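**Q** Build the 3D model from these lines:
(2 chains)
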Amino acid sequence: MQFILDNISATLIFSAVAMAVVVTQFNSSQSTIESTVSYMSKKQTLELGATLELELKLIGQGTTNKIDEAVQNADGQTTSFIFWRNNGIEDIKVEYRLIPTDSIFINGVEVQRYRMDRFENDVYRGGSAPTLRDFVIEPLDAFGNVVAPAAAVLVRAKIRDTYPLVDPDDMHIGHSFWGMTVRPENL
Amino acid sequence: MLAFLAMTIVMMITLSQRRTDIRSHESLVENEFEIMANALAIEQMEIVIGSTAWEDLENWDDSVSTKNFTFTGFQESFQIGVSIQFVDGFGNPSIVPTTIKEVAISAMNDRYVLPLVTHARLVSE
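**A** Residues are numbered from 1 along each chain as shown, chains lettered A, B, ... in the order given. Next up, the predicted model:
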């Protein structure tokens, strides 16, 4: 104690320097974590998007069946999107089904998260990570208006993913986006 | 004097680190805006090409419209610009009419001075 009081100026300056270093290091760590997690989220969002883009272009290929249904819930999420394609051997009914997973708080608002399960002829065949916040697939006419599946010429898909592993509320952004509009040859 | 020097160095390091963090954050945000702009530009491209006969594509030239990237409780607006021009067989702009038109679509957002994305597609007669 005596030593500290004898060197009060040096102690105060050391405390200030040490605090500045700790705060800088903490901010740097947070920034690194956010960059890493956002990269993970973006990667999984883009991979899901690329898969959707490839498959949506195949709607109606090799079959007379096209889009059976595009069902949305009250929040505008596509809870079920059913369409047909052919794998060269038989017609396949593909369904994207949105399943609620958990809820988290982002900016003080409780947000429901989902995962998208993919089915072929009602058999589970993969899907998305359980961190989707929004999943929307809409049939459009040639002018970009949302229409009934039977009248679709274009298909628009949009995704908003929340960051995995960490609480998005601690992050600056907390989401990664993806969107695409495709024109399936057979619509 | 040494203490003052130590404080100065620490403050410089802190400010430098903060600037780096801000740039990193701005880069993340811009990436997300580019993704949204890309989605809307491609949608507009499909609408322009799919809803318009080749000879009428000029009607879209210099048009600017506002399109929104939306989810429930979320909306971001972008200005979508369309330009149409004739190009020759090598894709170079042509003053005289040819049988190929280039449809170029740019998406801008108020936060950024330059277009976030520009897509171009050639359409034959």
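
**Q** rest of the way, CA atoms for contacts and neighbours
**A** Fine.

**Q** What helices and strands are in contact with the longest strand seen in chain A?
**A** What stands out as the longest strand in chain A, according to DSSP state E, is strand A:91-106. Identification of packing neighbours for strand A:91-106 by 3 or more CA pairs under 8 Å, 6 or more residues apart in numbering or on different chains; DSSP states H and E yields strand A:78-86, strand A:109-120.

**Q** The longest one: which residues count as buried?
**A** When neighbours are counted by 16 or more other CA atoms under 10 Å in any protein chain shown, the buried residues of strand A:109-120 are found to be A:113, A:114, A:115, A:116, A:117, A:118, A:119, A:120.

**Q** Lowest mean pLDDT among the helices and strands, pick that one out for chain B.
**A** Least confident element among the helices and strands of chain B, by mean pLDDT, DSSP states H and E: helix B:2-51 (a mean of 91).

**Q** Can the next helix or strand after it be said to contact chain A?
**A** Counting by DSSP states H and E, the element after helix B:2-51 in chain order, helix or strand, is strand B:63-71. Yes - shown here: strand B:63-71 in contact with chain A (CA under 8 Å from any CA of the partner chain) through residue B:71.

**Q** Please name the residues that touch the residue nearest to residue A:115 when sequence neighbours are not counted.
**A** With sequence-adjacent residues excluded and distances taken as CA to CA, 6 or more residues apart in numbering or on different chains, residue A:115 is closest to residue A:130, at 4.2 Å. By CA atoms under 8 Å, 6 or more residues apart in numbering or on different chains, residue A:130 lies in contact with A:101, A:113, A:114, A:115, A:116.

**Q** measure the third one to chain B for me?
**A** The span separating residue A:114 from chain B equals 14 Å under the rule CA to the nearest CA, to the nearest Å.

**Q** measure the nearest residue to that residue once chain neighbours are set aside to chain B for me?
**A** Nearest residue to residue A:114, sequence neighbours excluded (CA to CA, 6+ apart): residue A:100, at 4.3 Å. Between residue A:100 and chain B the distance, using CA to the nearest CA, works out to 16 Å.

**Q** wait, isn't residue A:100 in contact with residue A:115?
**A** Yes - under the contact definition of CA atoms under 8 Å, residue A:100 touches residue A:115, with a separation of 6.5 Å.

**Q** show me what contacts residue B:60?
**A** Listed by CA under 8 Å, 6+ apart, the contact set of residue B:60 reads B:48, B:82, B:83, B:84.

**Q** could you check the distance from it over to residue A:145?
**A** Distance from residue B:60 to residue A:145, counting by CA to CA, to the nearest Å: 18 Å.
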